[in-house]
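Asker: sequence first, predicted coordinates after that:
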Amino acid sequence: MTNSSARVLDARLLFSIIAAGIMSFSGVVVETAMNVTFPTLMHEFNIGTSLVQWVTTGYLLVLALIIPTSAYLKRRFSTRSLFTAAISSFLAGTLLAAWSPYFNILLIGRLLQGIGTGIALPMMFNIILEQVPGERLGFMIGIASLITAMAPAVGPSLGGMIVSYFGWRMIFVSLLPFLLLSAILGIKNIRQAGNLEQTSFNFGLYLLLIIGFSSLIFATSIASDFGWFSIEVLALFAICLIALIAFYKQSLNSNAPLLRVQTFRYLPYTLSTASLLLVGFICLGLGFLIPNYAQLVSHTDAFTAGCLLLPGCIIGAMLAPISGRLLDKFGAKRPILLGNASILVSVICYSLYPGELSSLLFIVFYLFFAFGQGFSMGTIMTNGLSQLPEELNADGNAAMNTLLQLAGAVGTAVISTIVATAQAADPANIAHATMLGSRHGFYVLTISAVLILCCSLKVFALIKKKQLAHA
């Protein structure tokens with residue numbers, strides 16, 4: 001067992017991070033690759049937009065339900081045991097999805113993949129937070145962000161190419177060699193940092209979390225059929241709010257909480273988390289809008305539609321470790337605000353462009369978003385977690401990653417609902433309806449980008465106030 005006070009960045013630690021990173025990478029690759037396949041799946045399984053989006057939304061919902069347990073799982077089970085369970089679930093889901101003759105079988109496979117990724121994603125960041133030397137922490141979180149940020153660059157173009165030439169099932173088959181490599185590296189190199197605790201699992205609190213998150217996702221998903229202000233949708237939102245408030249209050253008084261929600265009493269951390277989940281909301285929203293707009297409005301093929309995100313994602317992924325170095329050297333303010341401003345410019349360009357968006361415009365505007373994402377995400381996470389006491393880091397990490405996945409699920413559900421509503425209003429002209437719905441989606445993303453910038457400015461104002469008080 002390693003001593004957390006004696007942190008050494010050796011080959012074994014790097015292989016551990018890579019092993020967990022490959023699984024996280026694979027999960028995001030499939031998630032973004034499947035967005036490109038939606039028109040193909042809709043035709044093959046004879047389903048609509050509101051149902052096909054559950055390939056992504058269902059996966060992200062499972063992530064959002066699994067990640068909150070990561071702090072408990074980390075305290076209760078060895079890291080190697082958790083990794084073994086995660087890779088086994090992901091492999092099973094991948095094989096099932098590759099075989100699936102029916103849409104419901106495909107969905108079950110995606111949910112199993114979500115379980116594996118839900119364990120692996122916070123594990124990667126926990127390994128870094130516990131074992132990496134402090135002076136390299138920003139850089140290594142940047143590297144971890146690079147691992148997952150490269151996936152959106154690979155996913156859409158890979159998905160488009162495979163759908164065009166081999167069929168969508170090969171998306172899952174192509175992951176198998178990487179998952180086997182992850183299994184070998186992880187089982188051999190992952191080590192334990194910290195003592196295990198014989199704590200009990202609070203099923204009552206977990207049930208509240210399931211009710212809250214599921215109600216939120218179902219509410220956003222059925223809004224296109226029932227309307228945003230229908231009794232059904234409003235009732236689900238009310239159930240979500242009640243369940244999450246009850247979860248928070250009971251967690252504060254519990255001797256065995258799933259998450260120590262005291263993290264949210266630290267306002268800079270809470271605002272940083274809000275910024276992070278809004279970036280995730282925009283990322284998944286654009287990931288849905290762009291390939292579907294390109295195929296349904298501009299009538300491009302799946303491969304071309306997938307490649308529209310590729311240049312920006314490559315640049316954004318390359319910037320992730322650079323932003324970590326800037327954080328280590330200059331602090332968080334410069335990279336975060338620069339990234340926030342770039343995201344805002346991107347979504348404003350999308351929402352204000354008056355005519356049909358061409359492939360070139362999609363690429364150029366997305367370059368601005370990817371630049372901002374590369375500078376923002378890892379740096380926001382590092383800066384937010386640094387505002388917490390060290391004993392709350394695992395809980396803070398779990399909460400951030402939970403809300404990030406939930407924001408992605410909500411982003412996909414909300415934006416797809418907006419587009420589906422427009423399509424339902426004008427089914428005879430699906431291209432024009434998709435363009436109109438997409439424009440409304442871009443307006444929502446623009447509002448989200450403004451909120452990101454406001455949250456970040458408030459975070460740095462609070463940090464400055466705290467520094468002046470201690471001077």
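Answerer: In hand now; what should we look at?

Asker: any low-confidence regions in the stretch 51-200 of the chain?
Answerer: Within the stretch 51-200 of the chain, the segments meeting pLDDT under 70 span 134-138, 142-143, 145-157, 194.

Asker: quick one: the helices in it?
Answerer: 54-66, 70-76, 79-99, 103-131, 137-165, 170-173, 176-189 (DSSP state H, counting those that start in this stretch).

Asker: packing partners for the last one?
Answerer: For helix 176-189, the helices and strands in contact under the criterion 3 or more CB pairs under 8 Å, 6 or more residues apart in numbering; DSSP states H and E are helix 11-36, helix 79-99. The way it works is simple: take the backbone N, C-alpha and C, and place the C-beta from them, glycine included.

Asker: which one of these lies closest to residue 161?
Answerer: For the helices and strands packed on helix 176-189, the distance to residue 161 is smallest for helix 11-36, at 9.3 Å, taking CB to CB.

Asker: before we move on, back to that, residue 344 is nearest to which of the helices of the stretch 51-200 of the chain?
Answerer: The nearest among the helices of the stretch 51-200 of the chain, by CB to CB, is helix 137-165 at 19.2 Å.

Asker: picking up where we left off before, which one of the helices of the stretch 51-200 of the chain lies nearest to residue 450?
Answerer: Smallest distance to residue 450 across these (CB to CB): 22.9 Å, for helix 137-165.

Asker: wait, residue 182 touches residue 24, no?
Answerer: No - counting by CB atoms under 8 Å, residue 182 does not reach residue 24; the two are 9.5 Å apart.

Asker: distance-wise, check residue 418 relative to residue 426.
Answerer: Residue 418 is 14 Å from residue 426, where distance means CB to CB, to the nearest Å.

Asker: over to residue 329?
Answerer: Residue 329 is 53 Å from residue 426, by CB to CB.

Asker: apart from its neighbours in sequence, what residue is nearest residue 47?
Answerer: Nearest residue to residue 47, sequence neighbours excluded (CB to CB, 6 or more residues apart in numbering): residue 103, at 6.1 Å.

Asker: now do the contacts for that neighbour.
Answerer: By CB atoms under 8 Å, 6 or more residues apart in numbering, the residues touching residue 103 are 41, 45, 47, 51.

Asker: tell me where the longest helix sits in the protein.
Answerer: In the chain, taking DSSP state H as the definition, the longest helix is helix 430-470.

Asker: which elements pack onto it?
Answerer: Contact partners of helix 430-470 among helices and strands, from 3+ CB pairs under 8 Å, 6+ apart: helix 267-296, helix 333-352, helix 359-385, helix 393-425.

Asker: and that helix, how far out from the chain middle?
Answerer: Using CA atoms, centre = their mean, to the nearest Å, the mean C-alpha position of helix 430-470 is found 17 Å from that of the whole chain.

Asker: could you do stretch 237-247 as well?
Answerer: Distance, stretch centre to chain centre, for stretch 237-247: 22 Å (CA atoms, centre = their mean).

Asker: which one's more surrounded, residue 418 and residue 426?
Answerer: Using other CB atoms under 10 Å as the criterion, residue 418 and residue 426 rank with residue 418 on top: 26 against 14.

Asker: and the residue lying closest to residue 72 once chain neighbours are set aside, what is it in contact with?
Answerer: Excluding the flanking residues, the one nearest residue 72 by CB to CB, 6+ apart is residue 258, at 5.5 Å. Taking CB under 8 Å, 6+ apart, we find residue 258 in contact with 68-69, 71-72, 201-202, 205-206, 209, 251.

Asker: ranking those by neighbours, who comes first?
Answerer: Sorting those by how many neighbours each has (other CB under 10 Å) puts residue 68 first, at 27 neighbours.

Asker: pretty sure it is in contact with residue 402, am I right?
Answerer: Yes - with contact defined as CB under 8 Å, residue 68 counts as touching residue 402 (4.8 Å).

Asker: which residues do those two both contact?
Answerer: residue 259.

Asker: enumerate every residue touching residue 111.
Answerer: Here residue 111 is in contact with 58-59, 62, 93 (CB under 8 Å, 6+ apart).

Asker: out of those residues, which comes closest to residue 361?
Answerer: residue 59 (29.5 Å).

Asker: ok, for residue 181, nearest residue in space, not its chain neighbours?
Answerer: residue 22 (6.5 Å).

Asker: to residue 144, which of the helices and strands packed on helix 430-470 lies closest?
Answerer: helix 359-385 (7.3 Å).

Asker: can you pull the contacts of residue 113?
Answerer: By CB under 8 Å, 6+ apart, the neighbours of residue 113 are 27, 30, 59, 89-90, 93-94, 97.

Asker: report the separation between it and residue 383.
Answerer: 30 Å.

Asker: pick the most buried one from the helices and strands packed on helix 176-189.
Answerer: Highest mean neighbour count among the helices and strands packed on helix 176-189 (mean count of other CB atoms under 10 Å): helix 11-36, with a mean of 25.

Asker: chain center to that one: distance?
Answerer: From the chain centre to the centre of helix 11-36 is a distance of 12 Å (CA atoms, centre = their mean).

Asker: and it, average pLDDT?
Answerer: Here helix 11-36 scores 81 as its mean pLDDT.

Asker: name the helices or strands packed onto the helix or strand just after it?
Answerer: Using DSSP states H and E, the next helix or strand after helix 11-36 towards the C-terminus is helix 38-45. Helices and strands touching helix 38-45, by 3+ CB pairs under 8 Å, 6+ apart, are helix 49-52, helix 103-131, helix 267-296.

Asker: ok, and what's touching helix 38-45?
Answerer: Outside helix 38-45, the residues that reach it (CB under 8 Å, 6+ apart) are 34, 47-49, 52-53, 55, 102-103, 106, 163, 168, 291-292, 295-296, 302.

Asker: spit out the contact partners of residue 406.
Answerer: Neighbouring residues of residue 406 by CB under 8 Å, 6+ apart: 60-61, 64, 213, 216-217, 277.

Asker: got a list of what residue 124 touches?
Answerer: Taking CB under 8 Å, 6+ apart as the contact definition, residue 124 lies against 17, 20-21, 24, 144, 147.

Asker: want to throw these into CSV with distance to residue 445?
Answerer: Below are those laid out as CSV (distance: CB to CB, whole Å):
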residue, distance to residue 445
17, 32
20, 30
21, 28
24, 24
144, 25
147, 25
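
Asker: determine which two of the residues you listed are furthest apart.
Answerer: 17 and 24 (10.2 Å).

Asker: to residue 133, which of the helices and strands packed on helix 430-470 lies closest?
Answerer: Nearest of the helices and strands packed on helix 430-470 (CB to CB): helix 359-385, 14.3 Å.
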